[in-house]
Every structure is written in structure tokens, then in C-alpha cells.
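S.K.: Pasting a predicted model and its sequence here:
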Amino acid sequence: MSEYNQEKLTQDVLAAFANTPDARLRELMTALVKHLHAFAREVDLKPDEWLAGMKFLDAIGQISTERRPEFILLSDTLGLSMMVVALEQARATGGAKGATPATEATVEGPFYWPGAPDLPLGADIGEGVPGEPTFYMGRVTDTDGQPLAGALLDVWSGDGEGKYDVQLAAEPTMRARGRFRTDAEGRYWFWSILPAYYPIPDDGPVGTMMRATDRSIYRPGHIHMQVSAPGHVMLTTHIFVANSPYIDQDAVFGKRDSLVVDFDHHAPGKAPDGREMAKPYHSASYDFRLAPTPAPTPA
């Protein structure tokens, strides 16, 4: 096809979407067509390559279920999920000012489950969970450092073997999950385990892609936190274990330097909350900063 006819084809397809009633859908489809056609021209896409791509997407659809969202995994491993997270955080905070920026957001991941139990500060969500005991503590503040009393932390993680409860049972057993509210000074503290690194699901098309492109399939050790307070933008983020294997090769590009925390190792003895530990344990401290909800834009 001549260069002229290639360009005409693109224009014809764009014209076909020109009357899309929904303005945002029209914008999305127009940009999608432009970028898809430009990609095909840039790489001189061959028919067999196009067909292989179609079969790859079909295979992703075939393996996908509610509990196995392979398309989301593909988005994660292409960095698209993190791009959407970054755009949404910038949009949600609306350029909110403060002495320090809000804590960085990262991907929610596929293993969040609503309904974790509300627990008192200091509770242990790692009881019966494989892994080394770890004490978590810190504060929740606004971007000016003012404490946010009653802020909610919804916490979840895999176990010390890299498995989440939803991977081990048909329904979540609420292992290593819990919700905590900060005290009057914005402080939180609780016990869990030291999270381990683990592989993303690699027995499907995305795993095939990762191997073909010589990429790591692992995520470094991390614990998930969803932090919220009235009048502030909800934050979905992780705390990453410093020096965890694959800390610089996160398969889904979720790691941010500002979220990497040193987990201190302690000998048996009295923990920071007064608990007597008969075996070694770890501790980690991290302060979360929430941006204020932007004022509504005048109509």
C-alpha cells in the first residue's frame, strides 16, 4: 500500500469515529487509531506478526477469570497500570500545596479484598501466617505534617512464602489483613510478618511474554496500605522491603524509591510496644502524607 493510501486509510478510520456522540469516547478512539496505525507503520508490521498478536490477546481472554485478570496483569507488566495510577494521583491531588508532597501511590494489585476486620492498634494480623514477625509503626499526616487522627489504614500482604490468602483458598481467609485507625496524634502500630518477594502468575500468555523478552517475573517484598481520612485524597500504596531480592526489577514497575523502607532486625526482648518477644523480629517505620481533597472547580 502506498504511503498516500496508508494515510488515507487512517483518515477514513478516523472519519468513521468522528460522529461518536460521547466526546470522551470520541477522543479516546481517535487517539487509539492514530497510535495503532503509527505503530504498524513504524515497525512495518508483518501479517504473521499481526496474527501472532491477535492470538496472544485471544489467549489472554481465554485464561482470564474474575480471580485471574490476565489483561490487568498484561497492563501491569507493560507499565500501563502504573502510568494510570500516576495520572490519577496527579489529577486527584489537583496540585495541592503543602510543605512536602503527598506519599506516592502505586498499584493496588489483584489481591485486595474488602471486608478486612477492624482491629485495635497493636493487634497482630500475622498470627498463624508463615513468616518472621514484624512490628509496623508510623504516623498519618497531611502534607504540612499535621497529624490526622482517626485516619483509616486498610492493610494486606502475602505471607513469608509469597502467597496471599486468596491464592490458598476459594475465599479470602483474612490472613495478614486488617484495618486500623490512627490515635489522636495520627500514630498507628500493628504486628504482621516480613513480606517475601514472589512471582507474578507466569503460567499464561503474560508469562510467555516475560520469558520471551528475558524479563524477571518477580515482585520485591512489600506490604499494601490503603490510607484514607475525611477531607483528604485516599492513598493506595505499598511499603517495600529494602534489600529485598528484585527490589530494582519489580515486574509491574510499582516500586518507588520513596516507598522503600529499612526493616530493622532485633534480637529477642521487649518490642517498641512493650511486647516481650521470645524470638527475633523486625520493625519498620513509615509516615504517610495525605493530600487535601481539591476544592471543586467553579461551574
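M.R.: Okay, I see it.

S.K.: count of neighbours near Ile247?
M.R.: By the other CB atoms under 10 Å criterion, the neighbourhood of Ile247 contains 19 residues. Quick note: C-beta positions are derived from backbone N, CA and C, even for glycine.

S.K.: Check Ala278 too.
M.R.: If you count neighbours by other CB under 10 Å, Ala278 ends up with 7.

S.K.: again, but for Val33
M.R.: Val33 has 16 nearby residues by other CB under 10 Å.

S.K.: low pLDDT regions in the stretch 51-200 of the chain?
M.R.: Low-confidence segments of the stretch 51-200 of the chain (pLDDT under 70): 95.

S.K.: What segments of it are strands?
M.R.: 133-142, 152-156, 177-181, 187-193, 198-199 (DSSP state E, counting those that start in this stretch).

S.K.: And the helices in the stretch 151-299 of the chain, which stretches?
M.R.: 165-168, 205-212 (DSSP state H, counting those that start in this stretch).

S.K.: With the stretch 1-150 of the chain instead?
M.R.: Under DSSP H, counting those that start in this stretch, the stretch 1-150 of the chain gives helices at 3-16, 23-43, 47-63, 70-77, 80-93.

S.K.: ranking those helices by burial, who's on top?
M.R.: Highest mean neighbour count among these (mean count of other CB atoms under 10 Å): helix 70-77, with a mean of 20.

S.K.: Give me the contact list for it.
M.R.: 60-61, 63-64, 81-82, 107, 110, 200-201, 204-206, 209-210, 215, 251-254 (CB atoms under 8 Å, 6 or more residues apart in numbering).

S.K.: cool, and stretch 18-33?
M.R.: Taking CB under 8 Å, 6+ apart as the rule, stretch 18-33 contacts Thr10, Val13, Leu14, Phe17.

S.K.: Next one: the nearest residue to Pro205 once chain neighbours are set aside from Asp142, what distance?
M.R.: With sequence-adjacent residues excluded and distances taken as CB to CB, 6 or more residues apart in numbering, Pro205 is closest to Ala59, at 4.4 Å. From Ala59 across to Asp142, the span is 46 Å (CB to CB, to the nearest Å).
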